[in-house]
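# fold the following for me, if possible:
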Amino acid sequence: MSINQKTCLANFERLIDSASKSHVFVWIDMESSEHTDETIELYYALFSRYERLGIAIQANLKRSHEDIQDLVRHGGKIRIVKGAYRENSKIAFKTRKEVDENYLNIMKTLFKDANEFGIATHDSKLINHAVELSKKYPKKFEFQLLKGIRDELKPDLVKQGFIISDYIPYGTNWLPYSIRRLRERKRNILLLGSSFIQSHKV
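Alright, predicted model coming up:
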């Protein structure tokens with residue numbers, strides 16, 4: 001997309017063509033705010049041709065709740081994340097409290113109005129809110145967590161009947177990607193350390 005929209009669309013069309021043959025679900029990740037409009041436009045263009053397609057939306061952006069509502073009206077599949085990019089305070093929430101509140105508001109909208117979505121967070125409070133919302137609004141959704149983080153929590157969620165997607169970096173650049181993800185949100189480093197200790201308790 002940094003090259004141009006046409007190149008990005010052409011590349012994604014190749015991915016979608018391959019995914020459709022294997023009936024694979026594809027998630028489009030979201031980058032910094034300078035690409036938000038383009039990414040959503042790309043999603044709509046591809047979603048009209050392939051419905052097993054989802055898009056990540058970042059709760060730290062002030063525009064996201066409106067974006068979510070529009071995507072839901074079009075039947076879009078949404079993956080809600082907190083967002084890790086440093087953004088201007090004019091367009092983004094800056095405190096953890098504000099981001100969490102917006103995440104929760106978006107999550108409520110998804111449970112009320114959406115049909116298929118992903119809750120991508122390692123935050124226990126937000127996960128617990130999702131569990132409670134699922135009792136009131138039974139919907140098709142999954143919890144999405146990084147491999148190695150909150151591993152002690154995942155079996156319990158599975159026992160409760162929830163679907164868990166474990167995100168595993170792969171390919172030649174898996175290590176730089178993993179380090180970047182940890183640096184983006186420093187709390188992930190603490191969660192990784194906590195998960196490591198929990199997994200090695202006797």
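# please count neighbours and contacts with C-alpha atoms only from this point.
Fine.
# so in this structure, where's the weakest helix or strand by average pLDDT?
helix 187-199 (a mean of 48; mean pLDDT, DSSP states H and E).
# show me what counts as buried in stretch 160-168.
162-165 (16 or more other CA atoms under 10 Å).
# just these: which are in strands?
Counted as lying in strands by DSSP state E, out of those, are 163-165.
# quick one: the helices in the protein, in order.
Secondary structure of the chain (DSSP state H): helices at 5-22, 36-47, 64-73, 96-113, 124-136, 154-159, 174-184, 187-199.
# now for the third one, which elements pack on it?
In terms of contacts (3 or more CA pairs under 8 Å, 6 or more residues apart in numbering; DSSP states H and E), helix 64-73 is packed against strand 53-58, strand 77-81, helix 96-113.
# how far off centre is the second one?
For strand 77-81, the gap between its own C-alpha mean and the chain's C-alpha mean amounts to 5 Å (CA atoms, centre = their mean, to the nearest Å).
# note down every partner strand of it and its orientation.
When pairing is defined by DSSP bridges, strand 77-81 lines up against strand 53-58 (parallel), strand 116-120 (parallel).
# so where's the chain shaky on pLDDT?
Along the chain, the parts satisfying pLDDT under 70 run over 174, 176-202.
# make a markdown table from the helices of the chain and add distance to Lys147 and mean neighbour count to it.
A markdown table is the format used below for the helices of the chain (distance: least, CA to CA, whole Å; neighbours: other CA atoms under 10 Å):
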| stretch | distance to Lys147 | mean neighbour count |
| --- | --- | --- |
| helix 5-22 | 23 | 13 |
| helix 36-47 | 26 | 17 |
| helix 64-73 | 26 | 17 |
| helix 96-113 | 22 | 18 |
| helix 124-136 | 16 | 14 |
| helix 154-159 | 10 | 13 |
| helix 174-184 | 10 | 13 |
| helix 187-199 | 9 | 15 |
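# go through the ones you listed and name the closest to Ile28.
Ile28 lies closest, by CA to CA, to one member of the helices of the chain: helix 36-47, at 7.5 Å.
# now Asn105: closest residue in space that isn't a chain neighbour?
His65 (7.8 Å; CA to CA, 6 or more residues apart in numbering).
# the one you found and Glu132, how far apart?
21 Å (CA to CA, to the nearest Å).
# thinking again about what came up before, my guess is the residue nearest to Asn105 meets Ile106, correct?
Yes: under the criterion of CA atoms under 8 Å, His65 makes contact with Ile106 at 5.8 Å.
# find residues that contact each of the two.
Shared contacts of His65 and Ile106, defined by CA atoms under 8 Å, 6 or more residues apart in numbering, comprise Ala59.
# state the distance from Lys6 to Glu38.
11 Å.
# dump the residue contacts of Cys8.
Met1 are the contacts of Cys8 under CA under 8 Å, 6+ apart.
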